[in-house]
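Chemist: with the sequence up front, the predicted model follows.
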Amino acid sequence: MIPPDMRAVGTCADGYYGALCSSCMPGYARSDKHGCGKCPSPILNFLRILGLMSIIILAIGILVKNTLQGATKKNLQSVYMKILMNHL
């Protein structure tokens with residue numbers, strides 16, 4: 001159901017409303033400069049954030065492990081990881 005203030009005079013494509021069909025309807029978000037795309041499900045967003053956090057924690061763990069190993073002996077992998085993390 002489209003709220004009264006969102007009803008358009010003409011016909012807009014699915015996900016658009018308003019003057020010149022330039023606004024996104026609820027449940028849609030800007031996907032580029034002039035486009036609207038359907039929002040992903042909250043479960044998918046949660047899984048993406050969880051996966052990203054897992055990768056970050058794993059990378060930090062590897063970096064700490066390599067740094068501690070590099071304190072006793074020179075380890076090239078530790079040097080490369082430091083360069084990569086500084087670059088990021």
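Modeler: Structure received.
Chemist: next helix or strand past the lengthiest helix in the chain?
Modeler: In the chain, with assignment by DSSP state H, the single longest helix is helix 42-72. Scanning the chain past helix 42-72 towards its C-terminal end, the next helix or strand to appear is helix 76-87 (assignment: DSSP states H and E).
Chemist: follow-up on the earlier one: show me what the longest helix of the chain is packed up against.
Modeler: helix 76-87 (3 or more Cβ pairs under 8 Å, 6 or more residues apart in numbering; DSSP states H and E). Any C-beta I mention is one placed from the backbone N, CA and C, and that applies to glycine too.
Chemist: before we move on, back to that, and the longest helix of the chain, how far out from the chain middle?
Modeler: Shown here is helix 42-72, whose average C-alpha point lies 16 Å from the average C-alpha point of the whole chain (Cα atoms, centre = their mean, to the nearest Å).
Chemist: so it versus helix 76-87, what angle?
Modeler: 130 degrees (axes from the mean of the first three to the mean of the last three Cα atoms, to 10 degrees).
Chemist: give the rounded mean pLDDT of helix 42-72.
Modeler: When the per-residue pLDDT values of helix 42-72 are averaged, the result is 88.
Chemist: and residue 32, that's in a strand?
Modeler: No. Judged by DSSP: H, G, I helix; E, B strand; the rest coil, residue 32 forms no part of a strand; its state is coil.
Chemist: now do it against residue 60, distance only.
Modeler: Distance from residue 32 to residue 60, counting by Cβ to Cβ, to the nearest Å: 33 Å.
Chemist: so for the two, which sits in the more crowded spot?
Modeler: Taking other Cβ atoms under 10 Å, residue 32 and residue 60 do not tie; residue 60 has more neighbours (11 against 7).
Chemist: contacting residues for residue 38?
Modeler: Residues in contact with residue 38, defined by Cβ atoms under 8 Å, 6 or more residues apart in numbering, are 15, 27, 28.
Chemist: which residues touch the last one?
Modeler: Read that as residue 28. Shown here is residue 28, whose contacts under the criterion Cβ under 8 Å, 6+ apart are 15, 16, 36, 37, 38, 39.
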